[in-house]
Each structure stands twice: as structure tokens, then as C-alpha cells.
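Asker: dropping the sequence and predicted coords here.
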Amino acid sequence: MATYDIGMMGFMVILSCFTCGLAKVYIVGDTAGWALSVDYTTWTGDKTFKVGDSLVFNYDSSHTVDEVSSGDYTTCSVGNSIASYNSGTSTIALNTTGNHYFICGVVGHCSGGMKLTVAVTGADGSPSAAPSSITADSPSTSTTLGNTLTPATTAAETRNIPAESSSSAISPFAAAIFSLVALLWELVLA
């Protein structure tokens with residue numbers, strides 16, 4: 001029986017090592033978070049972002065996270081955001097390849113350094129010509145009058161869960177495969 005336990009444990013460890021490399025969760029700015037004092041160009045310098053990875057922005061109530069176009073990023077233009085977040089912790093999934101642009105929507109903060117460009121490659125590390133867009137949690141949308149509307153949330157929603165900086169995460173698909181293999185392993189040894 002001890003051989004079975006060690007064999008199964010070893011198999012699970014090997015399988016989990018394989019699946020852990022599939023997606024990463026990056027804490028933007030690491031321990032400093034989304035703030036005026038961070039050099040985000042340096043922060044992204046040693047990272048490779050792939051489809052399936054996520055960004056977690058941690059910030060206080062004096063900031064926002066706005067996804068913007070390349071032009072608005074370059075000029076630090078506020079008010080035309082593709083999506084805007086203001087919950088204090090926002091997790092944004094990188095679902096497409098290409099450059100993704102983020103700024104703080106508070107006037108003067110972008111020009112003060114609160115801007116981030118993330119170049120996302122395909123899951124295999126290769127760039128793609130797919131359109132650049134992301135999905136994220138609870139974005140707000142701007143109205144034609146410039147007001148910002150934020151969707152209502154309930155206490156049961158847990159979309160903005162902080163994670164370890166640059167930690168590996170198991171994708172739902174990999175987790176399902178992992179569970180299926182473990183179940184099959186149990187059936188074969190039963």
C-alpha cells in the first residue's frame with residue numbers, strides 16, 4: 001500500500017509541475033502596486049506575458065485603472081477609456097495577443113508615471129495578428145456625458161482576489177485534466 005501512496009503522490013507532483021506553467025498571475029508593480037512611485041517599464045522588462053495570464057492591480061481610492069488605446073496611452077488622454085476599474089483590486093485576464101495599454105485615469109497621474117504597456121504573445125510564445133482586447137472583472141463604462149457607471153456587485157462576488165506576485169496558476173482546463181487523470185489513476189489501481 002505504501003508503494004501506491006508514494007507512486008500516486010509522485011505522479012501528482014509531476015503532473016502539477018506540468019500544468020503550473022500554463023498561466024501566470026502578475027501583481028502589477030509587485031509589492032508597490034499600482035502607484036505613482038513605480039517604474040512600470042522596468043517592472044515589465046523581465047516578464048513574458050502570454051494569453052491566459054492575468055494582471056492584478058492593487059491600488060488605493062485615489063487611483064483608477066483604465067484600459068486605453070495606443071494613442072490615449074501615448075498622450076495620457078483620460079476620458080476615452082475602453083474599460084475603467086476603481087475597486088482597489090482589479091484582476092484583468094489577458095485573453096488576446098498584442099499590446100494592452102493601461103493608465104491611471106486621474107488627471108496628471110499618467111504623466112507622473114502611472115502607465116503600463118503589456119505585450120501579450122500567444123500561449124506558445126509567438127505573437128499573433130489577433131485584435132488586442134481583454135476581458136476583465138466589473139469594468140465601468142463611460143456615458144456620452146462623461147459620467148462613469150460602475151456595474152453593481154454583490155457581497156458574494158469574489159472576482160478581485162489578490163494572488164502571489166508572478167505566481168503560477170492552473171487554468172480551468174488543466175485543472176479538469178489533472179482531476180480526470182487522478183480519477184483514472186484511482187480506478188486503474190482499485
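Answerer: Sure thing, it's come through.
Asker: so for stretch 104-124, what gets flagged as buried?
Answerer: 104-106, 109-110, 114-116, 118, 120-121 (16 or more other C-beta atoms under 10 Å). Quick note: C-beta positions are derived from backbone N, CA and C, even for glycine.
Asker: pLDDT on stretch 57-64, on average?
Answerer: Averaging pLDDT along stretch 57-64 gives 95.
Asker: show me where this protein has its strands.
Answerer: For the chain, the strands defined by DSSP state E cover 23-27, 49-50, 54-58, 65-68, 83-85, 89-93, 98-103, 115-121, 135-136, 141-142, 148-149, 167-169.
Asker: can you add distance to residue 36 and give the ones you listed back as JSON lines?
Answerer: Output for the strands of the chain, formatted as JSON lines (distance: least, C-beta to C-beta, whole Å):
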{"stretch": "strand 23-27", "distance to residue 36": "17"}
{"stretch": "strand 49-50", "distance to residue 36": "23"}
{"stretch": "strand 54-58", "distance to residue 36": "14"}
{"stretch": "strand 65-68", "distance to residue 36": "14"}
{"stretch": "strand 83-85", "distance to residue 36": "17"}
{"stretch": "strand 89-93", "distance to residue 36": "17"}
{"stretch": "strand 98-103", "distance to residue 36": "12"}
{"stretch": "strand 115-121", "distance to residue 36": "11"}
{"stretch": "strand 135-136", "distance to residue 36": "22"}
{"stretch": "strand 141-142", "distance to residue 36": "23"}
{"stretch": "strand 148-149", "distance to residue 36": "21"}
{"stretch": "strand 167-169", "distance to residue 36": "25"}
